[in-house]
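Engineer: With the sequence up front, the predicted model follows.
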Amino acid sequence: MTNNNLQHIAVIMDGNGRWAAKRGLPRNAGHKKGAEVVIETAKAVKELGVPYLTIYAFSTENWKRSKQEVDGLMNLLRQYLDSNFEELEKNDVRIRFIGERGMLDADIVNKMENLEKRTISNRSLVLQIALSYGSRQEIVNAVRRTAQKVKNGELAITDIDENEFSQMLYTAEVPDPDLLIRTSGEQRLSNYLLWQLAYTELFFTNTLWPDFNKEELKSIIENYKTRERRYGKA
Ligand code: FPP
């Protein structure tokens, strides 16, 4: 039996809308419950001794949802930035955001930067929140930054390798995810961490995100530990 090292879990939190619809509630009620589950999951990941967690809170494509839903999500985020993340802060969790900040309202970006600064020395868990995030955009930005360095004479074309390129991504210095969990039964990557997930073990569960809990997380980790990771080797 293998016993894989587990440093980083990535999550696609899907199914909030269906969870709400099943109860006759508006979609944003599902996001509200989903956000509570984010806090519980981060605490559980920390307690299980896994040092990195990356969650997909809002994709670049999510801007196309109704104004009501987008506004609801942004206001939920404001509320968490103002007070609900405090619990994680006290739990020694470092919070950082990955994504296109230019598309977010200035007050939100300001609150995000404050939270990042306040938690920069926390060590028990790094929680990366992907917000207005799209993996292809991230890669294109990284190509642009790399090209600019070459143009400035700071980097030789022959020095561009996987390591160098990884450092141009939002996730620079964070190890690649070992395990990706997607809830709600959908089996796709939805423009999430495409570069970083190259060798990640994928796990799909039918549970809707608002129903996800520590027990299920533990059983997924047990499953992960039994998998044989070969990285292309025979
Ligand atoms: C996918 O479910 C979920 C989202 C697009 C949003 C995820 C956001 C949260 C869980 C809240 C995060 C908030 C904070 C403050 C961190 P869906 O809406 O696509 O569900 P459906 O597929 O059932 O419609």
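Structural biologist: Yep, that arrived. Numbers count the residues shown, from 1 in each chain.
Engineer: The residue of the chain positioned farthest from its centre: what secondary structure?
Structural biologist: Centroid-distance maximum for the chain: G153 at 33.8 Å, with CA atoms, centre = their mean. Per DSSP: H, G, I helix; E, B strand; the rest coil, the secondary structure class of G153 is coil.
Engineer: Please tell me how far it sits from D159.
Structural biologist: Distance, G153 to D159, by CB to CB, to the nearest Å: 12 Å. Quick note: C-beta positions are derived from backbone N, CA and C, even for glycine.
Engineer: Common neighbours of the two, please.
Structural biologist: Shared contacts of G153 and D159 (CB atoms under 8 Å, 6 or more residues apart in numbering): none.
Engineer: in which helix or strand would I find the closest residue to L73 other than its chain neighbours?
Structural biologist: Sequence neighbours aside, H31 is the residue nearest to L73 in space, at 5.7 Å (criterion: CB to CB, 6 or more residues apart in numbering). Per DSSP states H and E: H31 is located in helix 27-47.
Engineer: does any bit of the helix or strand following that helix sit next to the ligand?
Structural biologist: Once the chain leaves helix 27-47, the next helix or strand it forms, by DSSP H and E, is strand 52-59. Yes: legend: contact between strand 52-59 and the ligand by CB under 6 Å from any ligand atom is shown at A57.
Engineer: quick one, the next helix or strand after strand 52-59 and strand 52-59 angle?
Structural biologist: Downstream of strand 52-59, the next assigned helix or strand under DSSP H and E is helix 67-79. Here helix 67-79 runs at an angle of 150 degrees relative to strand 52-59 (axes from the mean of the first three to the mean of the last three CA atoms, to 10 degrees).
Engineer: Just the buried residues of helix 67-79, please?
Structural biologist: Neighbour-count burial for helix 67-79, counted by 16 or more other CB atoms under 10 Å, picks out 72-74, 76-77.
Engineer: could you dump the residues you listed to a markdown table with pLDDT?
Structural biologist: A markdown table is the format used below for the buried residues of helix 67-79 (pLDDT from 0 to 100):
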| residue | pLDDT |
| --- | --- |
| G72 | 98 |
| L73 | 98 |
| M74 | 98 |
| L76 | 98 |
| L77 | 98 |
